[in-house]
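Asker: Dropping the sequence and predicted coords here.
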Protein chains: 2
Amino acid sequence: MVTIKDVAEEAGVSIATVSSVINDSRPVAQATREKVLKVINEMGYKTNPVARALKVGNTKRILYIVPSIKNLVFAQFINQVQHSLIKKGYDLILLNNEARVDLTKSYLSIIHSSNIDGLIMTQTRSCGKLIVESCQQKKIPFVILFEPDIFKEESMVTSDEKTGMDQAVEYLISQGHHKIALLKVADSRNQNKRFHFFKEKLAESGLEFNNDWLITTAGHDEKAAYTAVTNYLQDKKPEFTALIGCNDFLTLGAIRAFRKYKLKIPAEISLIGYDDSIAEYLYPALTTVGLPKKKLAKKSVEILLNKIKQPDYQAEQNKFSQQLIIRDSVANLKKAK
Amino acid sequence: MVTIKDVAEEAGVSIATVSSVINDSRPVAQATREKVLKVINEMGYKTNPVARALKVGNTKRILYIVPSIKNLVFAQFINQVQHSLIKKGYDLILLNNEARVDLTKSYLSIIHSSNIDGLIMTQTRSCGKLIVESCQQKKIPFVILFEPDIFKEESMVTSDEKTGMDQAVEYLISQGHHKIALLKVADSRNQNKRFHFFKEKLAESGLEFNNDWLITTAGHDEKAAYTAVTNYLQDKKPEFTALIGCNDFLTLGAIRAFRKYKLKIPAEISLIGYDDSIAEYLYPALTTVGLPKKKLAKKSVEILLNKIKQPDYQAEQNKFSQQLIIRDSVANLKKAK
DNA sequence: CTGTTAGCGCGTTCAG
DNA sequence: CTGAACGCGCTAACAG
């Protein structure tokens, strides 16, 4: 390995001078600078980030903790976050805690050993709390990417749930749907929010909210949704003409359940999903509320790097609007008549 | 930050002793050990990995370079690799090069600055070559995860393409299919291999290979496949009763094309995919050749860590068999009669 | 069994 | 404008 010392010797200057030209930390005579730069190039010198980190106290590493990586939504977040970070000279360390508290706890030591400069998390309550507390304690800058505002005073970027739900309901109405059901995970904070805006929009639109048209599931995946919707259909025929699933996987479960009961999609039941994760792979291709993933990821990195630079950086909260992506899973009831 | 020095002072011993108990690097009197341990606990001391790395020369960080993260196959690899690494006390640094040479080149500096202990890559030829050369030059231990044997003398873990194709063809035959088509990317090394085993198995089974039943695509995604299959169907009605797509996305493209031409799936055309990425989300749920992703990922980590420990560790190559996952996209022609 | 000390590679005073 | 020297936190000889 070629060190700063080797460069100094070869260039006939001191290591301090080499350091100065690398970091532009103090004026260096043009001639000396050029000479040093030349030697650096020739010898292929790269500053050793580990030594630098030890001295300066930063590591140029950002930890990103996600609850899952199999879900395409998070994969897309990771992708964006990584690209944004690399541009700024930071490395991404990835941790997937499967939304499990035990795993999260075992990961805490990584935070605690403070060999990261900052942290980004996309986490639900219980795990999120553990992480946030660790960061606060160790004074590690962090930002929350895409989770509802649990920690009011912390930096976070979220998507504006209202815009998405408004568009979804408006679109359904425009297609002649007036009886709209909602499918959601029973105890998801984020989905409760969607539910809230759902009712709000219904009221605004002069539509009645029918409590009977709320279907709740035990889990976040298609299996839980399939079970819930199947149970629902066992008792009664659906009176609604459209259903909004609070994520694409739930909606997939619903599709399978409706199919089992020979209900045609979208002819008899129209569907809208959320997140735009697997929506385009489904059949029929799912109309869904898309998340502004790129914007969210980019902004979260931006805020984090600011916080790292300025320890007193004020907590900043950003919301980005959602966008309905129209595909083939909603029937036009007006045309049909 | 509490350092080893603080602990030493508090415990009334030297830093060397503290270091000894932490690393178990030399015998320490039971009483001293307990005392030190107690102080470490009380003060919440964590060894600083950066300082450790500077001294010892290792960083406990492994770089994993993937060509994409949106593809669920890679997401699953990442997931497994990360879990295996964390168990061994290593962090995963993730780099996604989008299979682009320019991005790969810009990432090379990370390899070159040697602040990683080892590298795992899942890469195609051109990018893979760049990375392999960098590693060889810098003597960084690496292992190739799931790519065909481009670099014969290097450590790699791959899946046994023969087992998968054999099962796929056998299954189709068992369901009464004798006219089988193959859909593959034109210039993919991996898929060429699948094609090779396809022909081989056909011959073994006494089935003819019809050159007309090979459809090639320009890209790896469903759009390229849709275009290719649509073009194919424009000219002629398919004579084959089943088609094997060399990945699930290609097969999805085929499904859409067949649908466009009102061909019923699986009644008129049976389908098999590859990889088990999006297979279960499709309609009909896709029968597909599953990759032994867990085994592959685990083994690659195991080999890499061995190589890190023993620089003269012999290159090791492992193959794991594939497993056909049966779902709903293949019709039983025998029953139908 | 334990303490002292010399670096790992770098950035940064403090003198010149 | 430049160089010598110190120290970041830790480990590993080398002494005791």
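Answerer: Looks like it came in fine. Numbers count the residues shown, from 1 in each chain, chains lettered A, B, ... in the order given.

Asker: going forward, measure contacts and count neighbours with C-alpha atoms only.
Answerer: Will do.

Asker: And residue A:169, how far from residue A:179?
Answerer: 10 Å (C-alpha to C-alpha, to the nearest Å).

Asker: So if I had to pick from those two, which one is more boxed in?
Answerer: residue A:169 (22 against 19; other C-alpha atoms under 10 Å in any protein chain shown).

Asker: was I right about the more buried one contacting residue A:201?
Answerer: Yes: because the distance of 7.2 Å satisfies C-alpha atoms under 8 Å, residue A:169 is recorded as touching residue A:201.

Asker: How far away from the center of its chain is stretch A:24-41?
Answerer: For stretch A:24-41, the separation from the chain centroid amounts to 43 Å (computed by C-alpha atoms, centre = their mean, to the nearest Å).

Asker: Now that stretch: buried residues?
Answerer: A:32, A:33, A:35, A:36, A:37, A:39, A:40 (16 or more other C-alpha atoms under 10 Å in any protein chain shown).

Asker: Now do the buried residues in the helix or strand where residue A:227 lies.
Answerer: Here residue A:227, judged by DSSP states H and E, is contained in helix A:222-235. Buried residues in helix A:222-235, counted by 16+ other C-alpha under 10 Å: A:222, A:223, A:224, A:225, A:226, A:227, A:228, A:229, A:230, A:232.

Asker: residues contacting the fourth one?
Answerer: So the one you mean is residue A:225. A:183, A:216, A:217, A:218, A:219, A:249, A:250, A:251, A:252, A:253, A:254 (C-alpha atoms under 8 Å, 6 or more residues apart in numbering or on different chains).

Asker: Count the residues that sit near the fifth one.
Answerer: By the other C-alpha under 10 Å criterion, the neighbourhood of residue A:219 contains 16 residues.

Asker: any idea how far the nearest residue to it once chain neighbours are set aside is from residue A:127?
Answerer: Nearest non-adjacent residue to residue A:219, counting by C-alpha to C-alpha, 6 or more residues apart in numbering or on different chains: residue A:185, 6.0 Å away. According to C-alpha to C-alpha, residue A:185 stands 18 Å off from residue A:127.

Asker: and what of residue A:270?
Answerer: Noted for residue A:270: a distance of 35 Å to residue A:127, by C-alpha to C-alpha.

Asker: same question, residue A:121
Answerer: Per C-alpha to C-alpha, residue A:121 is found 10 Å from residue A:127.

Asker: which residues of the stretch 151-300 of chain A fall in helices?
Answerer: A:161-174, A:189-204, A:222-235, A:248-260, A:293-309 (DSSP state H, counting those that start in this stretch).

Asker: show me where pLDDT drops low in the stretch 201-337 of chain A?
Answerer: A:336-337 (pLDDT under 70).

Asker: same thing but 80
Answerer: Residue ranges of the stretch 201-337 of chain A with pLDDT under 80: A:311, A:335-337.

Asker: Is residue A:86 located within a helix, as I assumed?
Answerer: Yes: counting by DSSP: H, G, I helix; E, B strand; the rest coil, residue A:86 is part of a helix.

Asker: list the contacts for it?
Answerer: residue A:92.

Asker: again, but for residue A:288
Answerer: Neighbours of residue A:288 in contact, by C-alpha under 8 Å, 6+ apart: A:168, A:248, A:272, A:273, A:274, A:275, A:276, A:279, A:324, A:325, A:326, A:327.

Asker: I'd assumed residue A:245 was in contact with the fifth one.
Answerer: Think residue A:274. Yes: using C-alpha under 8 Å, residue A:274 is in contact with residue A:245, at 6.6 Å.

Asker: which neighbours do those two share?
Answerer: With C-alpha under 8 Å, 6+ apart, residue A:274 and residue A:245 have no common neighbours.

Asker: where in the stretch 1-150 of chain A is pLDDT low?
Answerer: If you take pLDDT under 80 as the line, the stretch 1-150 of chain A has these spans: A:109-115, A:125, A:147-150.

Asker: which parts of stretch A:89-105 are buried?
Answerer: A:90, A:91, A:92, A:93, A:94, A:95, A:96, A:97, A:98, A:99, A:104.
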